[in-house]
Structure formats: C-alpha cells, structure tokens
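> pasting the structure only:
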C-alpha cells in the first residue's frame with residue numbers, strides 16, 4: 001500500500017511539473033517580445049555585475065582549497081566554529097567568503113568541502129544554512145544608496161542581515177545533533193603541539209595530497225568557476241523571463257491580493273504586497289519595489305520588508321543553491337527552512353533595532369566607494385568591487401582569528 005502511495009505521489013509531481021512547463025512555454029510563445037527583453041535584462045545583470053563580481057573570488061577560493069589554506073584556517077578556527085555552530089573550523093572559510101561575496105558562494109564552497117570529505121552531510125547542511133547571505137556591497141550600494149538613497153540605512157540593514165544569519169547558524173547547530181558520520185583525519189594530531197604548528201602541517205599535507213602543479217590548478221579553478229557562473233547566469237535569465245510573464249498575465253497581481261490578507265493582522269501596509277511577490281522570486285526587484293512604495297508609508301515597514309526579502313534571497317537564488325548541492329548528498333530542505341527562519345528573524349529584528357540603531361539626522365555625504373552601485377552597470381567597476389570585498393574579507397577573517405584565539409586562551413585557563 002505504501003509503495004502504491006509513493007508511485008501516485010511521483011506521478012502527480014511529474015504531471016504538475018509538466019503542466020507548469022507547458023504553461024510557461026505557451027506564455028513565452030504568446031508574449032515573445034516581453035520574454036526577449038526580460039532575457040536581455042537578465043543577461044545584462046549577469047554579464048555586467050554578477051560575472052565580474054564573482055569570478056575572481058570563485059577562482060581564488062579554488063586555489064586556496066588546492067594549496068591547503070582552507071585546512072590551515074580550519075585548524076586555527078576550530079575552537080570558535082565547533083562550539084558556536086557545531087561545524088569544523090574549515091567552515092570559517094565558507095562563512096567569510098559567503099558573507100563577503102554573497103549568493104551563492106556559501107553553497108558553492110560547502111559543496112566543495114563535502115566533495116573533498118572535509119565535512120559530514122549534517123555539517124554541510126548546517127553550514128550552508130547560515131553562510132549563504134547577501135554581500136555587503138549589495139546591501140550598502142544597491143539597497144541603501146541605489147534604492148533608499150541613504151547610507152545610514154545600509155548600516156542598519158547590514159547589521160540586521162548578518163546578525164540574523166548568525167542567529168540562524170546558532171539555531172541550526174542543533175540540526176541532526178547526533179551525527180554519526182566520521183571525517184577521516186588527514187594529520188597525526190598531537191594535543192601538546194602548538195595549534196599554529198598543527199595548522200601548518202595540515203596545510204602542507206593537504207597540498208601534498210592535492211599534488212597538482214600550479215598551472216593545472218589555475219586552469220581547473222578557472223574552468224570550474226566559469227561553469228558555475230554559466231549556471232548562475234542561466235537561472236538569472238530564466239527567472240527574469242518567468243517573473244515578467246507572470247506579471248504580464250496578472251498572476252503576480254492575483255497573488256499579491258492574497259498576500260494582502262496576511263498583512264492585515266500584522267498592521268503592514270497592503271501596498272507592499274506586490275514587493276513581497278517580486279521578492280519571493282528575485283531579491284533585487286523585490287527590494288527595488290519596496291523602495292518605490294508610497295512616501296507616506298512608515299520607513300520601518302519598508303525596511304522590515306526589505307530585510308525579509310534580502311534574507312529570503314528569492315527563488316532564483318534557491319534554484320542556484322539547489323543545483324550546486326545536487327553534486328553532493330547535502331539536502332536542500334534544511335537550507336530552504338533556514339531561509340524562512342532567516343527571513344522571519346530579520347523581519348522581527350528590524351522592528352526591535354530600528355529605534356536603538358537609527359540616527360535622527362540622515363547622513364547627506366556619501367563616501368565615494370559607496371557609489372559603486374551593483375544595479376547600475378555604468379558605475380560598476382571590477383577593481384573597486386574587488387578591493388571593497390577583499391577588505392571586508394580580511395577584516396572578517398582577522399575578527400574570527402581573534403575570537404578563536406581568545407576562546408583558546410580562556411579554555412586553557414579554566
């Protein structure tokens with residue numbers, strides 16, 4: 001009886017997906033001009049923003065993995081990551097790159113660690129749940145400056161976004177707490193040996209195990225990065241077309257009316273319902289719609305919805321993460337549930353922290369480096385972006401090292 005039920009469910013799932021695919025194909029045929037221009041928009045975003053912003057960091061991350069630098073960081077940051085998030089120290093590398101580079105870097109690196117047997121499946125599911133975030137350049141440049149025209153709001157949104165992600169990581173540490181899978185130890189662990197010596201030995205052994213010459217390592221890193229970016233570009237273009245078609249045939253309008261009913265008990269303005277629907281699919285368009293809502297709406301409500309959408313990240317990003325995780329046995333459902341949790345926590349934190357963090361006097365002068373707005377291709381410069389994200393990466397890594405060192409000292413003194 002159970003087998004029959006599973007088969008029926010499988011048939012229903014296949015039929016549903018088939019109907020949706022036929023419906024979308026027919027809609028594209030009915031509105032070819034709209035679909036074409038939506039494709040061009042998605043392609044422009046990918047080629048002028050996503051591709052140059054992510055390519056250097058994808059290549060560098062692959063090289064760091066090959067040279068064993070990730071293993072080095074893993075040993076040094078184990079005292080911090082293990083008790084706080086219940087993941088190995090190598091998770092700090094994923095967390096830092098995920099925070100600095102944005103979606104879907106966290107998922108990409110998590111899958112790479114799983115492929116190399118450096119983390120268990122449960123640890124991978126915990127790690128990807130809180131290391132997949134928006135990057136600071138998007139929060140400050142696109143949302144704060146580009147959409148809301150106020151750098152001050154970027155500080156608030158960034159703090160809420162990353163703080164709520166850390167909270168998600170702490171909560172997700174209890175996910176599959178009884179993890180029986182063992183990761184093979186690559187070095188002979190000597191407890192009396194200084195942690196720095198352990199880290200250097202781990203890096204050297206990882207480099208010897210990889211055994212690729214620098215030229216081949218560079219070539220593999222470039223090819224892997226290009227393939228990943230092609231996949232990301234395909235999803236961006238696809239969901240740009242889907243959202244345009246759904247808007248054209250008024251499905252977005254219909255769903256927004258249903259969402260409005262949920263806003264009534266929360267006291268949120270119904271005018272923001274369309275922004276929620278756009279944000280469910282694509283984070284940039286959703287936040288942009290929020291910023292363009294009526295000036296009479298309270299800013300706190302706009303920021304709460306913007307935080308919600310940024311944390312949720314959009315189905316387009318979810319599809320990219322799902323495709324990256326398919327290469328491993330890491331399941332997508334924990335990530336999906338973590339995104340819902342992240343969105344809810346960010347939404348609540350916005351209301352809690354708005355008054356304590358918000359300065360009455362709006363900052364009028366905007367620093368030059370904040371003018372590199374990702375959603376404005378004409379002002380987007382690769383070197384400025386690389387410098388901005390690199391500085392963020394270095395400071396965040398240094399912070400993690402300091403925290404890990406302090407925890408190590410405290411542990412020894414007890």
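Happy to help now that I have it. Being a predicted model, the structure only gives us computed values, none of them experimental.

> immediately after the helix or strand containing residue 317, which helix or strand?
Element membership of residue 317, judged by DSSP states H and E, is helix 315-325. Remark: after helix 315-325, the chain's next helix or strand is helix 332-357, criterion DSSP H and E.

> excluding its backbone neighbours, what's nearest residue 403?
residue 80 (5.2 Å; CB to CB, 6 or more residues apart in numbering). Heads up, the C-betas are built off the backbone N, CA and C, glycines and all.

> mind checking pLDDT for that neighbour?
If you check residue 80, the pLDDT there is 82.

> distance of it relative to residue 73?
According to CB to CB, to the nearest Å, residue 80 and residue 73 sit 11 Å apart.

> these two: which is more packed in?
More neighbours surround residue 73 than the other of residue 80 and residue 73, with 26 against 22 (other CB atoms under 10 Å).

> distance of the more buried one from residue 105?
Distance, residue 73 to residue 105, by CB to CB: 16 Å.

> run through the residues that contact the residue nearest to residue 403.
89, 92, 400, 403-404, 407 (CB atoms under 8 Å, 6 or more residues apart in numbering).

> show me what contacts residue 243?
Taking CB under 8 Å, 6+ apart, one finds 38, 252, 278, 281-282, 285 in contact with residue 243.

> recalculate using a threshold of 7 Å.
278, 281-282, 285 (CB atoms under 7 Å, 6 or more residues apart in numbering).

> what are the phi and psi values for residue 330?
phi -70, psi 130 (degrees, to the nearest 10).

> check what pLDDT it gets.
Here the pLDDT value assigned to residue 330 is 92.

> and the longest helix belonging to the chain with helix 315-325, angle?
The longest helix of the chain (DSSP state H) is helix 214-248. Counting by axes from the mean of the first three to the mean of the last three CA atoms, to 10 degrees, helix 214-248 points 140 degrees away from the direction of helix 315-325.

> relative to the whole chain's centre, how far out is helix 214-248?
Its chain's C-alpha centre and that of helix 214-248 lie 15 Å apart, by CA atoms, centre = their mean, to the nearest Å.

> how is the protein divided into domains?
1-30, 40-413 (automatic domain parsing).

> now residue 211: phi and psi?
Dihedral angles for residue 211 - degrees, to the nearest 10 - are phi 60, psi 20.

> please identify the most buried of the domains of the chain.
domain 40-413 (a mean of 19; mean count of other CB atoms under 10 Å).

> leaving out the residues flanking it, which one is nearest to residue 407?
Here the residue nearest residue 407, using CB to CB, 6+ apart, is residue 79, at 4.6 Å.

> residue 408 is in contact with that neighbour, correct?
Yes - counting by CB atoms under 7 Å, residue 79 touches residue 408, with 4.7 Å between them.

> pLDDT weak spots in the chain?
Counting by pLDDT under 70, the low-confidence segments of the chain come to 1-6, 183-192, 263-264, 266-268, 357-393, 409, 411-414.

> residue 241 and residue 355, how far apart?
From residue 241 to residue 355 the distance is 42 Å (CB to CB).

> please disregard the earlier target; I meant residue 286.
Using CB to CB, residue 286 is found at 25 Å from residue 355.
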